[in-house]
Structures are given as structure tokens and as C-alpha cells.
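Chemist: starting from these lines, generate the structure:
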Amino acid sequence: MENKEVLAKILGSLERIENMLVKVNNRLELMESDKESHDPLSSLDIVNILQNIDENLIPTIRALFVLTNGGNAEEIAALTGRSRTRENQHLNKLSDLNYVEKIRKGREIKYQVKY
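Modeler: The predicted structure is shown next:
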């Protein structure tokens, strides 16, 4: 490969990274603005939920507490470090247990802690 080709590839990668960072920043700003208007669960509610669910579901529910407006399986997997498929299974189980609400927006399914 010539230097120009390598530099063009690097530049393309950097542009994609920059676009992703802009999207992440926008989401963080939205989360911050929504946090102010969001009515959080009481500490007792959180403790109750965490005591009554399987240990392997705790990282998933914690990620949902971080994502105050809910999130899809991919966003939750990014926070927990597990695969999207695994998080999807955990989210469905939490939904079956009635701790999590499924919100369908078109083809996307978002999950949010019920309160």
C-alpha cells in the first residue's frame, strides 16, 4: 500500500470515530437534561429490585438505571461489557418478571425500568 492509501484509510477511520463521538455526546447531553426532570426510584425500591432478581441480571438492571430514558440491548451491552444477544435474553427475563417495560419504536425495542 502506498502512503496516500494508508493515510486515506486512517482519515476515514478518524472521521467515523469523530461522528460516533458526536452521537455519544448528543446522547449524554439528552440524558443530562432528562435527568433533571426524571423522577428517580427511591433507594428502597432499588434495593428491593436488586434483592429479588438473579445475580446475573444485576448488571443489566444497573445499566438500565444509568440509562434513565431506557435503552436498547446494544446500548445496555455496551455498558455491561456483555454481548447484545445475552443482554437481550436478560432484558426479556426482566420484562417477564415485570421489572422492565418494553417500548417498541418502529423496529427498535427499548427497555426501561418500570416505576
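Chemist: contacts for stretch 88-98, please.
Modeler: For stretch 88-98, the surrounding residues in contact (CB atoms under 8 Å, 6 or more residues apart in numbering) are 53-54, 56-57, 60-61, 73, 76, 100-102, 111, 114. For every residue, glycine as well, the C-beta is placed using N, CA and C.
Chemist: a markdown table for the residues you listed, including distance to Lys93?
Modeler: Below are the contacts of stretch 88-98 laid out as a markdown table (distance: CB to CB, whole Å):
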| residue | distance to Lys93 |
| --- | --- |
| Ile53 | 9 |
| Asp54 | 8 |
| Asn56 | 9 |
| Leu57 | 6 |
| Thr60 | 9 |
| Ile61 | 11 |
| Ala73 | 12 |
| Ile76 | 13 |
| Val100 | 9 |
| Glu101 | 14 |
| Lys102 | 12 |
| Tyr111 | 11 |
| Lys114 | 14 |
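Chemist: is there a quick ChimeraX command that grabs whichever of the residues you listed are buried?
Modeler: Buried subset of the contacts of stretch 88-98, written as a ChimeraX selection, criterion 16 or more other CB atoms under 10 Å:
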select :53,57,60,61,73,76,100,111
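Chemist: in helices, which of the contacts of stretch 88-98 fall?
Modeler: 60-61, 73, 76 (DSSP state H).
Chemist: now the strands: where do they sit in this protein?
Modeler: Under the criterion DSSP state E, strands of the chain are mapped to 100-105, 108-113.
Chemist: of all these, which one is nearest Glu32?
Modeler: strand 108-113 (17.5 Å; CB to CB).
Chemist: who does that closest one touch, helix- and strand-wise?
Modeler: The elements that strand 108-113 packs onto, with contact taken as 3 or more CB pairs under 8 Å, 6 or more residues apart in numbering; DSSP states H and E, are helix 58-66, helix 73-80, helix 84-96, strand 100-105.
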